[in-house]
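Asks: Fold the following, please.
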Amino acid sequence: MGWFWADSDVSVVNARAAPHAIPSGKNASPPPGCPMHEGKGATTPGLIAKHPTPPAESACPYTPPDLPKDDGSTAPSKYSKYNPLNYMFSDLSQDRAQNQTVALPTDREPSTIPKGNGEGNWEYPSPQQMYNALLRKGYTDTDATAVESMVSVHNFLNEGAWAEVVEWERRFSKGFGKGWEICKKGESGTAAAANDSDTEQPKLIRFMGRPQEMTPKAAMIQIMGKIYPSHFGTEPPFDRHDWFVQREQNGQKKEIRYVIDYYSGPPEPTGEPVFYLDVRPALTPTQAVERLMRWGGDVWYRASGASVREKGNN
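Replies: Numbering: from 1, shown residues only. As a prediction, this is how the structure comes out:
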């Protein structure tokens, strides 16, 4: 996850409908360094076991909490070679790796996710770049024949996560009043929000992987699972990301942090992998109100029989 790249030129350098098709087959698994790899020994249907703890220098763009200052007073930090927008290598080669026996594509797929600087959309790495990155991170046992599937799954999940972010922004980018008008109609208000052409398109400023830090919501679900295993018993998410999104409201730009928990489920009978995304604004005072309004509005809509009344009025 999170293998967006900030520069187009490498030399300088429950998910809803996502526009990228997930590949089928046994190799359709995420890259181990992301970390988007299936755990072993999962016993709970619908979720996988927690991923192994990744090395300190993960292949995901994880921002360490204690980054050394690169002010010339000390030796350059190993993180100084990373792009600060995604903490990935900015100069990764498209050249074929040493001892690589399989030719990998070098084409990079553009995402649908606008950059925060307004300079087009983020781009995904090519399969060759991803393979080189995994090797550079120390994953020398990576199966080159599986890299294209890894890239497809990675891109699919990022597009699905962004689709969820857009749904939140459609509801609340114009304030609580407009948000409540949509939320009080339950999740069916999504259709009304989608038809609102006046909503300013959000942009992704930067992002970071935090695979070793469980979100409060995920931690609470784990606690509830111990108390009520029949209702809440699940394995932890295998990854967590924080995305920093630009929201334009009344002519002013605000930075909204979104939190994403990644879960994996058993594959479809046809072999396609199944993933679930829990995307929501971080629990700040303002965003907590947004989360409460969306959840509470849907609960009220269904509990009050509003859907039945609306059918009677048609």
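
Asks: remind me which residues of the stretch 51-200 of the chain are low pLDDT?
Replies: Applying pLDDT under 70 to the stretch 51-200 of the chain picks out residues 51-91, 189-198.

Asks: what do you get if the cut-off is 90, keeping everything else the same?
Replies: For the stretch 51-200 of the chain, the stretches with pLDDT under 90 are 51-102, 117-119, 125, 130-142, 149-150, 153-154, 181-182, 184-200.

Asks: Would you confirm that residue 284 contacts residue 257?
Replies: Yes: using C-beta atoms under 8 Å, residue 284 is in contact with residue 257, at 7.5 Å. Every residue, glycine included, has its C-beta placed from N, CA and C.

Asks: Give me the more crowded residue out of the two.
Replies: Taking other C-beta atoms under 10 Å, residue 284 and residue 257 do not tie; residue 257 has more neighbours (15 against 11).

Asks: Not counting its neighbours along the chain, what's nearest residue 131?
Replies: Nearest residue to residue 131 in three dimensions, chain neighbours excluded: residue 147, at 4.7 Å (C-beta to C-beta, 6 or more residues apart in numbering).

Asks: what does residue 244 give?
Replies: Once flanking residues are discounted, residue 244 sits nearest to residue 205: 4.5 Å by C-beta to C-beta, 6+ apart.

Asks: swap in residue 211?
Replies: Nearest non-adjacent residue to residue 211, counting by C-beta to C-beta, 6+ apart: residue 239, 5.2 Å away.

Asks: same check, this time on residue 207
Replies: Nearest non-adjacent residue to residue 207, counting by C-beta to C-beta, 6+ apart: residue 243, 4.6 Å away.

Asks: Does anything pack onto the stretch of helix or strand that neighbour belongs to? Which helices or strands?
Replies: For residue 243, the host element (DSSP states H and E) is strand 239-249. Under the contact criterion of 3 or more C-beta pairs under 8 Å, 6 or more residues apart in numbering; DSSP states H and E, strand 239-249 touches helix 147-172, strand 203-209, strand 252-265.

Asks: Tell me how many other residues crowd residue 160.
Replies: 22.

Asks: For the closest residue in space to residue 116 that isn't next to it in sequence, list the residues it contacts.
Replies: In this structure, residue 116 finds its nearest non-sequential neighbour in residue 205, 3.3 Å apart by C-beta to C-beta, 6+ apart. For residue 205, the contacting residues are 85, 116, 244, 245, 246, 255, by C-beta atoms under 8 Å, 6 or more residues apart in numbering.

Asks: Need the buried ones from those residues selected in ChimeraX.
Replies: Selecting only the buried entries of the contacts of residue 205 in ChimeraX, with 16 or more other C-beta atoms under 10 Å as the criterion:
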select :85,116,244,245,246
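
Asks: quick one: which of the contacts of residue 205 is nearest to residue 170?
Replies: Taking C-beta to C-beta as the measure, residue 245 is the one of these closest to residue 170, at 12.5 Å.

Asks: so that closest one touches residue 169, yeah?
Replies: Yes: using C-beta under 8 Å, residue 245 is in contact with residue 169, at 7.1 Å.

Asks: list the residues that contact both of those two?
Replies: Here residue 245 and residue 169 share the contacting residues 202, 256, scored by C-beta under 8 Å, 6+ apart.

Asks: wait, is residue 129 part of a strand?
Replies: No: Residue 129 is assigned helix when assessed by DSSP: H, G, I helix; E, B strand; the rest coil, not a strand.

Asks: So what's the residue count around it?
Replies: Count around residue 129 with other C-beta under 10 Å applied: 24.

Asks: One more: residue 97?
Replies: Residue 97: 18 neighbours (other C-beta under 10 Å).

Asks: picking up where we left off before, of all the helices and strands packed on strand 239-249, which one comes closest to residue 219?
Replies: strand 252-265 (10.5 Å).

Asks: Could I get the CA-only coordinates of the closest one as CSV?
Replies: Extracted C-alpha coordinates of strand 252-265, given in CSV (Å, rounded to 0.1, in the frame of the first residue of the first chain):
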residue,chain,number,x,y,z
GLN,A,252,-10.5,28.1,2.3
LYS,A,253,-8.3,25.1,2.1
LYS,A,254,-8.2,22.7,5.1
GLU,A,255,-6.2,19.6,5.7
ILE,A,256,-8.2,16.6,6.8
ARG,A,257,-6.5,13.4,8.0
TYR,A,258,-8.2,10.1,7.0
VAL,A,259,-7.4,6.8,8.7
ILE,A,260,-7.6,3.5,6.7
ASP,A,261,-7.6,0.0,8.2
TYR,A,262,-7.0,-2.8,5.7
TYR,A,263,-8.6,-6.2,6.2
SER,A,264,-8.5,-9.3,4.0
GLY,A,265,-11.1,-12.0,3.6
